[in-house]
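Asker: Sequence and predicted model, in that order:
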Amino acid sequence: MGIHERIPPSHLEAECAVLGAMMINPDVAHSVLRRLIASDFSQEAHQTLYKALVHLHARAVKADIQAVCEALEMTGRLSEVGGASYVTSLIKEVPAAGTLDYYVGEVARTAVQRGLIAAAEQIRAAAYEAHGESESLADWAEQRIFGARRRRRSLWRGEHLSDLLMGYIEQLEVRAAARQDGLCGVLTGFADLDQMTGGLQKEDLVIVAARSGTGLSGWGLSLARQIALHYGQQVGILSLKMSQEQMVARLLSMETGLPLRQLHQGLVEGEEWERIVEAMSTLSEAGIRMQGPASPSPFQIRSQARLWRATGLDLLIVDDLHLIQATENAARGAGSPQPNSAEIGRDLKCLACELGIPVVGLVPLLAPRASKTPQPHRSDVPAGLEASADLVLLLHRDEIAHPESERKGIADLIVAKHHYGSTGTFCLRLDPQTMRFHDPLDAPTVPLPSLPQSREEE
């Protein structure tokens, strides 16, 4: 039998067992609905039956054989599934209570296999017919494979609201079980920020902007270090401006407390070597992966992130967004090697949604705002990035513009946009020798700058 004649994998016994179990014991429906959607069933009749069960469950109607048959009869689809006799026959396939999980898993497994086969066939056909840019085709192919493997639910699939509600309730239960003192996202280690946001949320795009010289890259590495070491999360850093060696040196400086300049110049002796060895042992256990420097296109960023996500990734940091290069076609069309901020914002937001993790983009503010204060403003952030972001943070150090400032070693973290709640300003402590940002221990009681107005208020 040739490759084109092979029958797509399915497990009809498992499909019948799951449907029968849901009708004979409606109490199991909740656990099944959290794991399967209608398209996971290989037979159209089984898909129709499952949709009817979902509909009844959403209306809090006991989904027994009679209710299912009546629901299908009302929509004129009872005969399509084989009539009442076929629906009744399914209860004969009901598995023992302890084996239902196995059958649900088999339905899900074969659905993934069919999805991968379908994706592979579509990629093969597209590759033969492609005449455009190869990079965009490769990106599309990666999305098909990654999506089939993860079986992610999406509004774009046109699912019924009842299906989507079940998926959301599942996520809500996971969040409730994983809460730590009311926090349910990826914790940053900056206590005030975590209290306001509940942690960085899955599928969120976080834009962090600062004026030149503020230490934006140092803040990003401080974030990665705290998330990985304090909370055991897996962090990926795509640096478009620093080499891997530079990032390693900065992390070692933060961990040992030795000035970064001292490490760069090799001025290490005596017990300082012991501190370095100890720091190496600690950092080696951290789930941090890094790539750089480069000027990748959005496609290359997505490709690297997908590779990391396949083996575990909880947060992605991209530094800095101004250095992202456009794809070949986009560059030809725009006459510039740089994509616009709207394109970058959309790509990063879509990547966060696809991978199901927060994506943090670092953005240097290149030109000062025409104002009496050098404090960054939400309107300084490129509009395309700000529009796509769920959370916009502005990092400010008063001492950069005012060397005589009373707030030396203090940075203001301004929450300028927050989709899930309030905004505000917090202060962080900065060690200028290591460029490590951390929560203040004894921050001076100097009034913080007022929060800048949002675009809507201007």
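Answerer: Received, thanks. Numbers count the residues shown, from 1 in each chain.

Asker: From here on, just use CA atoms for contacts and neighbour counts.
Answerer: Noted.

Asker: where does V81 sit relative to A45, distance-wise?
Answerer: Going from V81 to A45 by CA to CA, to the nearest Å gives 5 Å.

Asker: In terms of neighbours, single out the busier of the two.
Answerer: Comparing V81 with A45 by other CA atoms under 10 Å, the one with more neighbours is V81, at 19 against 16.

Asker: pretty sure that one is touching H46, no?
Answerer: Yes - between V81 and H46 a contact is recorded at 7.3 Å, counting by CA atoms under 8 Å.

Asker: In three-state terms, label the residue nearest to S42 when sequence neighbours are not counted for me.
Answerer: Once flanking residues are discounted, S42 sits nearest to S10: 6.2 Å by CA to CA, 6 or more residues apart in numbering. State at S10, reduced to three classes by DSSP: H, G, I helix; E, B strand; the rest coil: coil.

Asker: Contact partners for S10?
Answerer: S10 sits next to 42, 107, 110-111 when contact means CA atoms under 8 Å, 6 or more residues apart in numbering.

Asker: again, only this time at 10 Å
Answerer: Taking CA atoms under 10 Å, 6 or more residues apart in numbering as the contact definition, S10 lies against 40-43, 106-111, 113-114.

Asker: And the buried ones among those residues, selectable in ChimeraX?
Answerer: Buried subset of the contacts of S10, written as a ChimeraX selection, criterion 16 or more other CA atoms under 10 Å:
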select :40,41,42,43,106,107,108,109,110,111,113,114
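
Asker: Considering the contacts of S10, which is situated nearest to Q195?
Answerer: Comparing the contacts of S10 against Q195 with CA to CA places A108 closest, at 37.5 Å.

Asker: check which helix or strand covers that closest one.
Answerer: Following DSSP states H and E, one finds A108 within helix 100-129.

Asker: in that helix, what's buried?
Answerer: If you call a residue buried by 16+ other CA under 10 Å, then helix 100-129 has these buried ones: 100, 103-104, 106-120, 123.

Asker: Buried ones in the helix or strand hosting Q195, by neighbour count?
Answerer: Element membership of Q195, judged by DSSP H and E, is helix 191-197. Buried positions in helix 191-197, judged by neighbour count with 16+ other CA under 10 Å: 191-194, 196-197.

Asker: Quick one: distance of it to the chain centre.
Answerer: The chain centre lies 19 Å from the centre of helix 191-197; the measure is CA atoms, centre = their mean, to the nearest Å.

Asker: What is that helix packed up against?
Answerer: Applying 3 or more CA pairs under 10 Å, 6 or more residues apart in numbering; DSSP states H and E, we find helix 191-197 packed against strand 410-418, strand 424-431.

Asker: winner for burial among the ones you listed?
Answerer: Among the helices and strands packed on helix 191-197, the stretch with the highest mean neighbour count (mean count of other CA atoms under 10 Å) is strand 410-418, at a mean of 23.

Asker: before we move on, the earlier item: of the buried residues of helix 191-197, which pair is most distant in space?
Answerer: Spanning the widest gap among those are A191 and T197, at 10.0 Å by CA to CA.

Asker: from what I can see E203 touches S388, true?
Answerer: No - checked against CA atoms under 10 Å, the pair E203 and S388 is beyond contact range at 11.7 Å.

Asker: Common neighbours of those two, please.
Answerer: Residues touching both E203 and S388 (CA under 10 Å, 6+ apart): 348-350.

Asker: which residues in the stretch 201-350 of the chain form helices?
Answerer: Secondary structure of the stretch 201-350 of the chain (DSSP state H, counting those that start in this stretch): helices at 216-231, 244-256, 260-264, 271-284, 298-310, 328-334, 341-355.

Asker: Quick check: mean pLDDT of the longest one?
Answerer: Looking at helix 216-231 alone, the average pLDDT works out to 96.

Asker: Could I get the buried residue list for it?
Answerer: Neighbour-count burial for helix 216-231 [16+ other CA under 10 Å]: 216-229.

Asker: Span of stretch 267-275 from start to end?
Answerer: For stretch 267-275, the first and last residues are 13 Å from each other (CA to CA).

Asker: For the nearest residue to S217 once chain neighbours are set aside, which residues are in contact?
Answerer: Leaving aside its chain neighbours, S217 sits nearest to D319 (7.0 Å; criterion: CA to CA, 6+ apart). Applying CA under 10 Å, 6+ apart, we find D319 in contact with 208, 216-217, 220-221, 237-242, 292-293, 360-364.

Asker: go on, R261?
Answerer: Contact analysis of R261 by CA under 10 Å, 6+ apart lists 249-250, 253, 267, 433-434.

Asker: hang on, the earlier thing: can you put the shared contacts of E203 and S388 in JSON lines and add pLDDT?
Answerer: Output for the shared contacts of E203 and S388, formatted as JSON lines (pLDDT from 0 to 100):
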{"residue": "L348", "pLDDT": "94"}
{"residue": "K349", "pLDDT": "94"}
{"residue": "C350", "pLDDT": "90"}
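
Asker: Mind listing the residues bridging to the residue nearest to S217?
Answerer: S239, L362 (DSSP bridges).

Asker: Okay, now the unreliable bits of the stretch 1-150 of the chain?
Answerer: 1-5, 93, 95-98, 131-135, 146-150 (pLDDT under 70).

Asker: redo that, cut-off 50
Answerer: 1-3 (pLDDT under 50).

Asker: Could you pull out the buried residues of stretch 382-399?
Answerer: Of all the residues in stretch 382-399, those buried under the rule 16+ other CA under 10 Å are 382-383, 385-399.

Asker: Domain ranges for this protein, per the record?
Answerer: Following the assignment in automatic domain parsing, the chain carries domains at 3-172, 184-457.

Asker: okay, those, which one's buried deepest?
Answerer: Highest mean neighbour count among those (mean count of other CA under 10 Å): domain 184-457, with a mean of 18.

Asker: still on that earlier bit, pLDDT (mean, whole number) over the helix holding Q195?
Answerer: For helix 191-197, mean pLDDT is 91.

Asker: Show me what that helix is in contact with.
Answerer: By CA under 10 Å, 6+ apart, helix 191-197 touches 181-188, 198-200, 391, 393, 413-415, 418-428, 438-440.

Asker: one more time with 7 Å
Answerer: Contact with helix 191-197 is made by 187-188, 426, 439, as judged by CA atoms under 7 Å, 6 or more residues apart in numbering.
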